[in-house]
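> sequence? don't have it. structure:
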């Protein structure tokens, strides 16, 4: 499921926080990560589960071996100039590739503004950060001994999707679904997405690098669980937009 837009006809405020989040992610990737080429910065400020669990900053490469002792590869590690726990926050604004950040920012652009419009700027910012922290915690809980660095806004954005599907379940979403351009209710578009995450999360063994599906599922769950707290006193549109 690849969203390209949704119905913003009832938006009444400029989503400055959403724009700022997108801008900050882009600035970090382009300037500090140097389009993914600055390994020293990227590895130093990524979130490493073993560092969080032990509180010890890994500063030398870690060799991965299989059960027979054969070398599988080497994971670079760089000293973190601040506390390793700061990386809960810093890792949320870094990405591994142009495709990674492009996909994440598209999802945030499509879905984030509607939630900010309902919650307001401050509540939306707090909701976003909480979802990102919850997503990271879920990934660490799933594979606490991992030395594979975690980075990306996917967990926080997953929380935005969780909040969106509860607040705007029938909002019209324009999306490419199974190679077809169509308009579907939000619960269909996001339902396909979370179903895909659950499937791949189940099929992907722990300790394997790549996509952090546990973080996606964890962030989505935090969004589902907390959105009504942040939306307290707010009224979601009652009209059906699809």
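Thanks, I have the structure now. The shown structure was predicted, so the numbers you read here are calculated from the model rather than taken from an experiment.
> wait, doesn't residue 48 sit right on residue 148?
Yes. Residue 48 is within contact range of residue 148, at 7.5 Å (criterion: Cβ atoms under 8 Å). (Each C-beta comes from the backbone N, C-alpha and C, glycine too.)
> So if I had to pick from those two, which one is more boxed in?
residue 48 (25 against 18; other Cβ atoms under 10 Å).
> And that one, its phi and psi?
Dihedral angles of residue 48 (phi, psi; degrees, to the nearest 10) stand at phi -110, psi 120.
> How confident was the prediction at it?
Residue 48 is assigned 96 on the pLDDT scale.
> From residue 18, how far off is it?
29 Å (Cβ to Cβ, to the nearest Å).
> my read is residue 35 is in a strand, agree?
No. Read with DSSP: H, G, I helix; E, B strand; the rest coil, residue 35 is coil and lies in no strand.
> Verify the stated contact: it with residue 29.
Yes. With contact defined as Cβ under 8 Å, residue 35 and residue 29 form a contacting pair (6.7 Å).
> So which of those two has more stuff around it?
residue 29 (24 against 12).
> ok so that one is a helix residue?
Yes. According to three-state DSSP, residue 29 belongs to a helix.
> Could you list which residues are in contact with the residue lying closest to residue 46 once chain neighbours are set aside?
Of all residues not flanking residue 46 in the chain, residue 149 sits nearest, at 3.3 Å (Cβ to Cβ, 6 or more residues apart in numbering). Listed by Cβ atoms under 8 Å, 6 or more residues apart in numbering, the contact set of residue 149 reads 42-43, 46-48, 75, 91.
> Swap in 10 Å and give it another go.
Listed by Cβ atoms under 10 Å, 6 or more residues apart in numbering, the contact set of residue 149 reads 42-49, 51, 58, 75-78, 87, 91, 94, 96, 209.
> Please apply the same query to residue 52.
Residue 52 is in contact with 84-85, 87-88, 136-137, 140, 144, 150, counting by Cβ under 10 Å, 6+ apart.
> Tell me which of those fall in helices.
87-88, 136-137, 140 (DSSP state H).
> Mind checking the pLDDT average for stretch 200-209?
Stretch 200-209 comes out at a mean pLDDT of 64.
> pretty sure residue 17 contacts residue 160?
No. At 11.5 Å, residue 17 does not count as touching residue 160 under the criterion of Cβ atoms under 10 Å.
> anything in contact with each of those two?
By Cβ under 10 Å, 6+ apart, the residues touching both residue 17 and residue 160 are 112, 115-116, 124, 127-128.
> Now the two most distant members of the residues you listed.
Greatest spatial distance in the shared contacts of residue 17 and residue 160: 112 and 127, 10.0 Å, computed using Cβ to Cβ.
> All set, thanks.
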